[in-house]
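Enquirer: Fold the following for me, if possible:
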Amino acid sequence: MDRVVSAFFRAIASQLHPKMLALLLVPFVVAIVFWIIVAILVWDPLIAFLQALFFDGGGAIAWVYEQFARIGIEGLEGVATVSVALLLLVPAMFVTAVVLIAVLSMPAVNRHLGRGPYRNVARRGSWSIAASIWNAGAGTTMFALGYLVTLPLWLIPPLGFIVPWLWWGWFTARVMRFDSLVEHADADERRDLIRRHRGRYLALGLMVTVLNYIPPLFLITPVLSALAFAHFSLALLRDERAARNLPDPSVIEATPR
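Expert: Purely as a prediction, here's the structure:
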């Protein structure tokens, strides 16, 4: 757990670098502007759809809110509908930003850190836009399906906060761990590290995504995630290789014969 916490705080320090701020904020701003426009266009139809889905046709959820109304607690239907609409649109903004940063910005993050604190971590992999998009697409599909399946749970306090946070944390780990390793680790190393440290990757994802509930810190969550996962993966790869006494190929090549 110490390694996870260390990666988180190192990411905060790295984020203050002007190059990282400029590089990582561009895709995030693009995602935010795009989804704000989408939200303006779909807000009223979405509210009407959710109202009909949860309350107009009866069912268990409608019955629960009818009981609240009978004891004098009225207006909760509107609050719940608006809350669910926000819980749909805000994650969509977040997911878009995470995918754009993982696919487009993570290579530059790895190069930046690879020239700094992890200069001794040899590159044994290769970045592929197709593989990165495939990874992001698979993660997004699984995230969307799980999110929709658990949608009714959002109306039950406090699950409306816990369930989205768990999904955000899982999705961030699912996308970022691949892109943070793909350039420096070979395929076998990457699969092995993800398999053995899946829980720690998830813990890191949950740690960074908890900021989604703290305005205005939620604005930096995707940016911070890229740096945190890059720090964690590169430090983990460096230590794993050192433990196996694997030499750096660049050092071997530079050694005179």
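
Enquirer: for this protein, which helix is longest?
Expert: When the chain is parsed with DSSP state H, its longest helix is helix 18-51.

Enquirer: next one: it to chain centre, how far?
Expert: Between the centre of helix 18-51 and the centre of its chain there are 15 Å (Cα atoms, centre = their mean, to the nearest Å).

Enquirer: Quick one: list the elements packing against it.
Expert: With contacts defined as 3 or more Cβ pairs under 8 Å, 6 or more residues apart in numbering; DSSP states H and E, the packing partners of helix 18-51 are helix 2-15, helix 76-100, helix 106-114, helix 221-243. All C-beta atoms are positioned from the backbone trio N, CA, C, and that covers glycine.

Enquirer: Rebuild these as a markdown table, extending it with mean pLDDT.
Expert: Output for the helices and strands packed on helix 18-51, formatted as a markdown table (pLDDT from 0 to 100):
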| stretch | mean pLDDT |
| --- | --- |
| helix 2-15 | 88 |
| helix 76-100 | 78 |
| helix 106-114 | 89 |
| helix 221-243 | 91 |
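
Enquirer: winner for burial among those helices?
Expert: Per residue and on average, the most neighbours among the helices and strands packed on helix 18-51 fall to helix 221-243, with a mean of 23 (mean count of other Cβ atoms under 10 Å).

Enquirer: re the thing from before, so which of the helices and strands packed on helix 18-51 is nearest Ser128?
Expert: Ranking the helices and strands packed on helix 18-51 by distance to Ser128, with Cβ to Cβ as the measure, places helix 106-114 first at 10.1 Å.

Enquirer: which stretches of the stretch 51-200 of the chain have low pLDDT?
Expert: In the predicted model, the stretch 51-200 of the chain carries pLDDT under 70 at residues 57-63, 65, 68-69, 73-76, 155.

Enquirer: show me the contacts for Val121.
Expert: By Cβ atoms under 8 Å, 6 or more residues apart in numbering, Val121 lies in contact with Gly114, His184, Leu234, Leu237, Arg238, Arg241.

Enquirer: phi, psi of it?
Expert: The phi/psi pair for Val121 (degrees, to the nearest 10) reads phi -90, psi 110.

Enquirer: if I look at it, how far off is Arg177?
Expert: Look at Val121 and Arg177: by Cβ to Cβ, to the nearest Å, they are 16 Å apart.

Enquirer: Next: Ala52.
Expert: With distances taken as Cβ to Cβ, Ala52 is found 39 Å from Arg177.

Enquirer: do Arg3 as well
Expert: Counting by Cβ to Cβ - Arg3 and Arg177 are separated by 14 Å.

Enquirer: Could you find the residue nearest the spatial middle of the chain?
Expert: Central residue of the chain (Cα atoms, centre = their mean): Thr172, 2.3 Å from the mean position.

Enquirer: Determine the angle, from 0 to 180 degrees, between the strand or helix carrying that residue and helix 2-15.
Expert: Element membership of Thr172 [criterion: DSSP states H and E] is helix 159-181. Computed by axes from the mean of the first three to the mean of the last three Cα atoms, to 10 degrees, the angle separating helix 159-181 from helix 2-15 equals 80 degrees.
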